[in-house]
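[1] From the sequence below, what's the structure:
(chains A and B, ligands or ions: 2)
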2 protein chains.
Amino acid sequence: MIRFCALCGSATTERVPEDDNRLRAVCNACGHINYVNPKIVAGCLPVWEDGRILLARRAIEPRYGRWTLPAGFMEVNESVAEGAAREALEEANARVEITDLYTVYSIPHISQVYMMFRAKLLDANVSPGSESLEVKLVTEDEIPWDDLAFAMVRLTLQHFIADRKAGTFVTRFGDIRPPER
Amino acid sequence: MIRFCALCGSATTERVPEDDNRLRAVCNACGHINYVNPKIVAGCLPVWEDGRILLARRAIEPRYGRWTLPAGFMEVNESVAEGAAREALEEANARVEITDLYTVYSIPHISQVYMMFRAKLLDANVSPGSESLEVKLVTEDEIPWDDLAFAMVRLTLQHFIADRKAGTFVTRFGDIRPPER
Ligand SMILES: [Zn+2]
Ligand SMILES: [Zn+2]
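    Numbers count the residues shown, from 1 in each chain, chains lettered A, B, ... in the order given. Ligands and ions are numbered 1, 2, ... in the order given. Prediction:
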C-alpha cells in the first residue's frame, strides 16, 4: 500500500531495516521508515433505561443495509472511550455515557482491533447520522440476528445478553479469523 | 507528518474531504486520503509460578535505563495477544501464555493505546533481548517504583498487586494525560 515516502515523496523499497526483523517501506532518498500499523475501531453498546439496546442500520459499505452497534475508526488525539462516544453521536445522534470496556476483538487478517464499551444511553431521542439508514432501540427479542453487519456485533450482543441474565459483566477479548467476520 | 501521498508520491494538502469533518492529508494529484491512526502498544505482565513478576530494563529511548513490562508496537496481521507474547519473547526471551486482557490505557496526546495482558511465564530462563539492558524476576517488595519507565507500568503493577491480594482480577481502562506518562 505504501509506495512513496510520506516525508519527502521519493519511492520506497520494501526491506528489513537494521535492528528490525520485518519488511518495511524504507525511503530510497531520506531513509525514513514508513510504518503500517493496525487500526482501532471504537464502538459501544448503548442501553436505554428500559433495557433496550441501540442499533443502527448501515448506510455505507461494507455491509450496507445491515444492523450494527455504533463503531468506527478511532481518531488521533482522542481516547478509545471518547472515540466510542463520538461514533454513537455521529452514527445515531446518540448521547451516551461510556461505563466499561466490554469486548476486544482482534481481526488479524485485516489488521483491525475492535474495542467495544458498554454505555448508558442518556437520551432516547436518537436519529440516523449520515452513515446510517435508520436507528432503533430493540429488546432482546427484536435483535435481527440474521441481519447483523459483523461477527463482533453478534458476539458482543451475545455476551451482553448472557451477562445481563447472570447479573455480572465480564470484559472479554478474542480473535475473529476468516471467513467469519 | 504526512506531506506526500503514499500511493503516488505527489504533495498532499491538509483539507477536510467531502463527507468528513476533519483535516486529512489529501493528495493533490490522485485524491487519495492519507489517514493517520492511533497506534496500539501491546504488552504483558508475566508472572512466574512463585509469584514473581518479569521486568525488563530498557536499552532504548525513551526512558533508557528505566524498568518496564515487556511491550511494543503491535504489528499488522497479528492479534493483540500475539503481539504481547511476541514482545515478551523479543525483549526478554520470555515464553509466555497470555491469559487475560488486564489494563487498557489511552494516551491521547501521543495517539497511543496501551493494551496490557496478564500472562503466565512458562520458563524462568529469561535473558535480555536487543532492546533490554537486563531482565529480572521481582517480588512485590523488589519492584523499583521510582525507576519505572512509564505511568502505564506503574498503574498496571499497582492494580495487579491490589487485585492479587483481593483474589479477583478486574480488567480496567483509563486515560493517561500529560504531564504524567
Ligand atoms: Zn523520504
Ligand atoms: Zn496520490
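[2] In the sheet, which residues pair with whichever residue of chain A sits closest to ligand 2? Tell me.
    Residue nearest to ligand 2 within chain A: A:Phe4 (8.0 Å; Cβ to the ion). To be clear about C-beta, it is placed using only N, CA and C from the backbone, and glycine gets the same treatment. Following DSSP bridges, A:Phe4 is listed with bridge partners A:Ala11.
[3] what's around it, how many residues?
    A:Phe4 has 22 neighbours, counted by other Cβ atoms under 10 Å in any protein chain shown.
[4] Grab the most central residue of chain A for me.
    With distances taken as Cα atoms, centre = their mean, A:Val41 lies nearest the centre of chain A, 2.9 Å away.
[5] In three-state terms, label that residue for me.
    With DSSP: H, G, I helix; E, B strand; the rest coil as the basis, A:Val41 sits in strand.
[6] what about the residue nearest to A:Thr68 when sequence neighbours are not counted, neighbour count?
    Distances taken as Cβ to Cβ, 6 or more residues apart in numbering or on different chains place A:Ala149 nearest to A:Thr68, at 4.1 Å, with adjacent residues excluded. Close neighbours of A:Ala149, defined as other Cβ under 10 Å, add up to 21.
[7] Quick one: residues contacting A:Ala149.
    A:58, A:62-63, A:66-68 (Cβ atoms under 8 Å, 6 or more residues apart in numbering or on different chains).
[8] on that earlier part again, confirm for me that the residue nearest to the centre of chain A is in contact with A:Met74.
    Yes. A:Val41 is within contact range of A:Met74, at 7.0 Å (criterion: Cβ atoms under 8 Å).
[9] so does the lengthiest helix in chain A get close to chain B?
    The longest helix of chain A (DSSP state H) is helix A:151-166. No. Helix A:151-166 lies apart from chain B when judged by Cβ under 8 Å from any Cβ of the partner chain; the minimum separation is 13.2 Å.
[10] Give the next helix or strand downstream of that helix.
    strand A:172-175 (DSSP states H and E).
[11] Check whether that next one comes near chain B.
    Yes. On the criterion Cβ under 8 Å from any Cβ, strand A:172-175 is in touch with chain B at A:172-173, A:175.
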